[in-house]
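Visitor: A predicted structure for the sequence below; I have some questions about it.
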Amino acid sequence: MSDAVARLNAALEGRYTLDRFLVEGGRSMKAVTRTLAAALALACATCSAPSSTAIVVTNALIIDGLGGPPIADGVVVADGGRITGVGPAGSVTIPVGAQIIDADGGAVMPGLADMHVHMLGGWDGEGVDMLGYQRYLNALLYSGVTTVLDIGSVLPFIQQIRAEVDAGRLAGPRIYMVGPLVDGPNPAWPPLTYSAHDANTLRSFVAQLSAAGVDAIKGYVGLSEEMVDSLVRIAADESLPVIVHLGSSVSPPAAVRSGVRAFAHTPRRDWNDDEVAAMIGRGTAVITTLAVIESFSRRRFQDLAFLDHSLIASTTPPWFLDDLRRFASAEMSDRQVAIATANTVRLMESMGTVKQLHDAGVPMVSGTDAPYPGVFQGEGVHRELELLVEAGLSPLEAITAATRNAAALMGAEGEWGAIEPGLVADLVIVRGNPAENIADTRNIIYVIQRGVLLDRDALAFDLQTDLGSRTVGSVAN
Ligand SMILES: [Zn+2]
């Protein structure tokens, strides 16, 4: 019996006062609480009532998120919010009193990540619905998305949402953020932008963003090659990576040489061997966002049946779906036709680039750029995975883009993004086998976040409790 448990037993028997127990423990309250919890757990090992905080997924094909071969008839154990055991049935001890989740022959995967979203809300990519934040956070969790990178927002807005989710007062996925874009003198998205003129303004913006706790800096299309170069060096002084969406004046290989951490969209071009080698040498990643290019191409609107999928229909205000249906079926202007045609080409070329760079060893990271027409928070990731498979990745490679590769982008592979002991227990359980049919990632039965089974019905869009907000204005220039 440990010293602490002996003292606790003595206290319980009245030989010790609790005060004396606490004082003699000579520890912080936190340590004492831990000791008490451990002692009570020991005491209850012989109780009849379930006392375990463990949650166990049984009868599941385990897709580990690392790209390894799936484990058939697997068991995943989580306790205290972390994964504590993984393996075939029989090889993993199931804690007494654990909550058992029977996957019924389906698959368990890590929670998915969308590393290119904008939490400003709405559906068309220009108007915003900031007051509707909870419906978007809910849609992400409902769809098994347990991590996002908000890659352009109004700083205090995204700061507060992240703080409230972190504090547990708002339901939502783990949020990484860049705050506003850092753009040149004529910003494309003025309300979401710090507009830089020179290295001094860059330095001042990076200092402000660092103080605000951003996870990365987003460099935008108006920056010159010199400005991108300066931004990377200045951000490195604050230990912040730079993710870029380049304009036509900066070539992607030049940005790689500058040391950008990632491209916010697939940098479409034929990369020569030296350029690819430079990407691999530098560890440059690509956030793929094929979903938004598909949106611009309008390919997805040829058949609007996809809007009936539960990941969309159960999470989206019906008035947004009405707006989208009107948008998708309206007669297009010549200019709109030209844009759609150009983006049809761009989609095919981007898929070619994804395949080329992936095969060479450049990490692909799933991102969608939600919201845009037909690109939804939550469902968008599942669409992105399908598009990655269409580009030529295997289903397991596509899933890895939304799991391990996403975590690695943020330097968090020791924290989340795989089914490995020690990592946070963010898990999605689906019917079917996504390792063979990527569309099966959509067939979600359960979502577990930090070791807790979520009530997906409570996350679904509800006319009775939703604020009813509509979009307003436009954040585009
Ligand atoms: Zn974006």
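Guide: Ah, there it is.

Visitor: Show me the protein divided up by domain.
Guide: 3-44, 110-429 (automatic domain parsing).

Visitor: Which parts of the stretch 51-200 of the chain are helices?
Guide: Along the stretch 51-200 of the chain, counting by DSSP state H, counting those that start in this stretch, helices occupy 133-142, 155-167, 199-212.

Visitor: What residues sit buried inside the longest helix seen in the chain?
Guide: Of all the segments of type helix in the chain, defined by DSSP state H, the longest one is helix 334-360. Applying a neighbour-count criterion of 16 or more other Cβ atoms under 10 Å, one finds 340, 343-344, 346-347, 350-358 buried in helix 334-360. In this view, the C-beta of every residue, glycine as well, is placed from N, C-alpha and C.

Visitor: now do stretch 394-402
Guide: Residues of stretch 394-402 classed as buried by neighbour count (16+ other Cβ under 10 Å): 395-402.

Visitor: any idea how far the nearest residue to residue 415 once chain neighbours are set aside lies from residue 84?
Guide: Spatial nearest neighbour of residue 415, excluding adjacent residues (Cβ to Cβ, 6 or more residues apart in numbering): residue 424 at 6.1 Å. Distance of residue 424 to residue 84, given as Cβ to Cβ, to the nearest Å: 12 Å.

Visitor: between these two, which one's more packed in?
Guide: For residue 424 versus residue 84, the count of surrounding residues by other Cβ atoms under 10 Å is larger for residue 424: 23 against 18.

Visitor: That one against residue 79, yeah?
Guide: No: contact criterion Cβ atoms under 8 Å: residue 424 and residue 79 do not qualify, at 12.0 Å.

Visitor: Common neighbours of those two, please.
Guide: The contact sets of residue 424 and residue 79 overlap at residue 451 (Cβ atoms under 8 Å, 6 or more residues apart in numbering).

Visitor: so where is this structure shaky, pLDDT-wise?
Guide: Along the chain, segments meeting pLDDT under 70 span 1-51.

Visitor: quick revisit: how about JSON lines for the buried residues of stretch 394-402, with secondary structure and distance to residue 309 added?
Guide: Below are the buried residues of stretch 394-402 laid out as JSON lines (DSSP: H, G, I helix; E, B strand; the rest coil; distance: Cβ to Cβ, whole Å):
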{"residue": "395", "secondary structure": "helix", "distance to residue 309": "18"}
{"residue": "396", "secondary structure": "helix", "distance to residue 309": "23"}
{"residue": "397", "secondary structure": "helix", "distance to residue 309": "23"}
{"residue": "398", "secondary structure": "helix", "distance to residue 309": "18"}
{"residue": "399", "secondary structure": "helix", "distance to residue 309": "19"}
{"residue": "400", "secondary structure": "helix", "distance to residue 309": "24"}
{"residue": "401", "secondary structure": "helix", "distance to residue 309": "21"}
{"residue": "402", "secondary structure": "coil", "distance to residue 309": "18"}
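
Visitor: Turn the residues you listed into JSON lines, including distance to residue 140.
Guide: Shown next, in JSON lines, are these (distance: Cβ to Cβ, whole Å):
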{"residue": "395", "distance to residue 140": "21"}
{"residue": "396", "distance to residue 140": "23"}
{"residue": "397", "distance to residue 140": "23"}
{"residue": "398", "distance to residue 140": "19"}
{"residue": "399", "distance to residue 140": "17"}
{"residue": "400", "distance to residue 140": "20"}
{"residue": "401", "distance to residue 140": "17"}
{"residue": "402", "distance to residue 140": "12"}
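
Visitor: and which of the residues you listed is nearest to residue 72?
Guide: Proximity of the buried residues of stretch 394-402 to residue 72 was ranked by Cβ to Cβ; the top entry is residue 396 with 14.3 Å.

Visitor: Contacts only, for the closest one.
Guide: Applying Cβ under 8 Å, 6+ apart, we find residue 396 in contact with 63, 67-68, 70, 435.

Visitor: Repeat the analysis, applying 7 Å as the threshold.
Guide: 63, 67, 435 (Cβ atoms under 7 Å, 6 or more residues apart in numbering).

Visitor: how close does it get to residue 403?
Guide: Counting by Cβ to Cβ - residue 396 and residue 403 are separated by 10 Å.

Visitor: what touches both of the two?
Guide: Common contact partners of residue 396 and residue 403 (Cβ under 7 Å, 6+ apart): none.

Visitor: Return the most buried member of the domains of the chain.
Guide: Most buried of the domains of the chain, by mean neighbour count (mean count of other Cβ atoms under 10 Å): domain 110-429, with a mean of 20.

Visitor: start to end distance for that domain?
Guide: In domain 110-429, first residue to last residue: 9 Å (Cα to Cα, to the nearest Å).

Visitor: Give me the distance between it and the centre of its chain.
Guide: Relative to its parent chain, domain 110-429 has a centroid offset of 10 Å by Cα atoms, centre = their mean, to the nearest Å.

Visitor: Use 3 as the first number for this chain going forward.
Guide: Taking 3 as the first residue, the last one we looked at is domain 112-431.

Visitor: other SSEs contacting the longest helix of the chain?
Guide: With contacts taken as 3 or more Cβ pairs under 7 Å, 6 or more residues apart in numbering; DSSP states H and E, helix 336-362 sits against helix 275-284, helix 292-299, helix 381-393.

Visitor: following that helix, which helix or strand shows up next?
Guide: On the C-terminal side of helix 336-362, the closest following helix or strand by DSSP states H and E is strand 366-367.

Visitor: how close does residue 77 get to residue 91?
Guide: 5 Å.

Visitor: okay, these two: which has more neighbours?
Guide: It is residue 77, of residue 77 and residue 91, that has more neighbours when counted by other Cβ under 10 Å, with 24 against 14.

Visitor: who's that one bridged to?
Guide: As for beta bridges, residue 77 partners with residue 89 under DSSP bridges.

Visitor: shouldn't residue 153 be in contact with residue 220?
Guide: Yes: Residue 153 lies in contact with residue 220 (Cβ atoms under 7 Å); the separation is 5.5 Å.

Visitor: Now the common contact residues for these two.
Guide: Common neighbours of residue 153 and residue 220, using Cβ under 7 Å, 6+ apart, are 180, 245, 266.

Visitor: Identify, from these, the entry nearest to residue 284.
Guide: Nearest to residue 284 out of the shared contacts of residue 153 and residue 220 is residue 245 (Cβ to Cβ; 13.4 Å).

Visitor: I'd guess that closest one is in a strand, am I close?
Guide: Yes: secondary structure of residue 245 (DSSP: H, G, I helix; E, B strand; the rest coil): part of a strand.

Visitor: Show me what it is bridged to.
Guide: Residue 245 forms beta bridges with residue 220, residue 264, as assigned by DSSP bridges.

Visitor: How much space separates residue 215 from residue 91?
Guide: Remark: distance between residue 215 and residue 91 (Cβ to Cβ) = 43 Å.

Visitor: Ok, residue 287 next?
Guide: For residue 287, the distance to residue 91 - Cβ to Cβ - is 36 Å.
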